[in-house]
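Just to be clear, the model below is a prediction. Sequence and coordinates:
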Amino acid sequence: QLQLAESGGGLVQPGGSLRLSCVASGYSLDRYAITWTRQAPGKEREGVSCVSITHKSTDYTDSEKGRFTISRDNAKNTVYLQINSLKPEDTAVYYCAAERHAMCRDVFEYSGMDYWGQGTQVTVSS
């Protein structure tokens, strides 16, 4: 069974950057579209960005285009999320999810994901 483990979160000042990692084990990632999601306290989980098996990315945060960059390294069985110009409202637990599908959905659907990681906390505060 595919297992996902996120890392790279932490406390960062506004304006800073982070690179989150999602490492897979138990199975190869190269047949899965991978989505980064986040959940802030008291809010629903929302999609951030997805990368297909052909490395095509889909952004789910239209208002934040350019601050989030998703990429994958199938040789390392890892997907990354680079977040720049961090804002306090980016504070959330960030999760990666895998879907047994080549392409990303046009709209994030929580129920469509097949595997989830445990999440990594990102806190943006001065």
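The structure has been received and is ready for your questions.

from here on, contacts and neighbour counts on C-alpha atoms
Noted.

for this structure, what helix or strand is lowest in average pLDDT?
For the chain, using mean pLDDT, DSSP states H and E, the weakest element among its helices and strands is strand 57-59, scoring a mean of 92.

Need the contact partners of that one.
Strand 57-59 is touched from outside by 48-51, 65, 70-71, 104-106, with contacts defined as Cα atoms under 8 Å, 6 or more residues apart in numbering.

Could you tell me which strands sit next to that strand in the sheet, and their orientation?
Strand 57-59 pairs in its sheet with strand 46-51 (antiparallel), by DSSP bridges.

Report the beta-bridge partner residues of Gln82.
Where Gln82 sits in a bridge, its partners, by DSSP bridges, are Arg19, Thr69.

Now do the contacts for it.
17-20, 67-70.

What of Thr35?
47-51, 96-98, 104.

again, but for Cys22
Cys22 neighbours (Cα under 8 Å, 6+ apart): 4-7, 78-80, 96, 117.

In the helix or strand hosting it, which residues are buried?
If you go by DSSP states H and E, Cys22 is part of strand 18-25. Within strand 18-25, the residues that count as buried by 16 or more other Cα atoms under 10 Å are 18, 20-24.

same thing with stretch 79-87?
79-81, 83-84, 86-87.

what's the host helix or strand of Gln121 packed up against?
Here Gln121, judged by DSSP H and E, is contained in strand 120-124. Contacting strand 120-124 under the criterion 3 or more Cα pairs under 8 Å, 6 or more residues apart in numbering; DSSP states H and E are the following elements: strand 10-12, strand 92-99.

Having no further points to raise, I will conclude here.
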